[in-house]
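Peer 1: what would the 3D arrangement of this be:
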Amino acid sequence: MTDDLAFPPDRATYVRAQVWMAAIAMAGAMAVLWIMDNPHVWTGALAGLAAIGLRGWYLASEELAADWRLSDGVLTGPGERRVALGQIAQVRVMASYVQIITKGGDKHLIRYQANARATARAIEAARERAAG
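Peer 2: The predicted model follows:
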């Protein structure tokens with residue numbers, strides 16, 4: 001059995017996630033300033049946008065290089081992560097992430113998938129073929 005699949009992060013999905021985080025940070029910062037009765041509540045929007053924008057720009061090269069591969073019954077990810085298909089206890093979809101939980105309790109995230117459900121189905125199908 002040789003599954004040879006790649007699960008690279010999707011740039012558009014990464015940008016969309018950063019936009020959502022920026023919107024939440026902007027609203028949160030404005031809310032804090034409003035609660036503090038600050039007359040310049042609008043500066044919270046700028047601070048939230050700047051913080052998440054800088055974070056997104058800084059982490060983009062690392063996050064978009066985090067490629068996961070499935071080959072010969074082993075799921076391999078960044079940082080020398082290796083998970084044998086037989087050791088996977090659960091596969092979950094969380095927004096654009098796929099969470100892999102091993103029988104030993106280790107958790108791994110395959111991030112920024114354009115179609116996280118399709119990624120999860122591919123891993124589950126490979127796991128079933130390996131077991132059966």
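Peer 1: any idea of the mean pLDDT in stretch 60-79?
Peer 2: What stretch 60-79 shows for mean pLDDT is 95.
Peer 1: end-to-end on it?
Peer 2: 16 Å (Cα to Cα, to the nearest Å).
Peer 1: give me the contacts around it.
Peer 2: For stretch 60-79, the surrounding residues in contact (Cβ atoms under 8 Å, 6 or more residues apart in numbering) are 1-9, 11, 14, 82-86, 88, 100, 108, 110-112, 122-123, 126, 130. All C-beta atoms are positioned from the backbone trio N, CA, C, and that covers glycine.
Peer 1: run through this structure and note the low-pLDDT ranges.
Peer 2: Low-confidence segments of the chain (pLDDT under 70): 1-3.
Peer 1: give me the neighbour count for R82.
Peer 2: R82 has 10 neighbours, counted by other Cβ atoms under 10 Å.
Peer 1: sorry, slip of the keys, the one I care about is D106.
Peer 2: 12.
Peer 1: which helix or strand contains V83?
Peer 2: For V83, the host element (DSSP states H and E) is strand 81-84.
Peer 1: by contact count, what packs against that strand?
Peer 2: strand 74-77 (3 or more Cβ pairs under 8 Å, 6 or more residues apart in numbering; DSSP states H and E).
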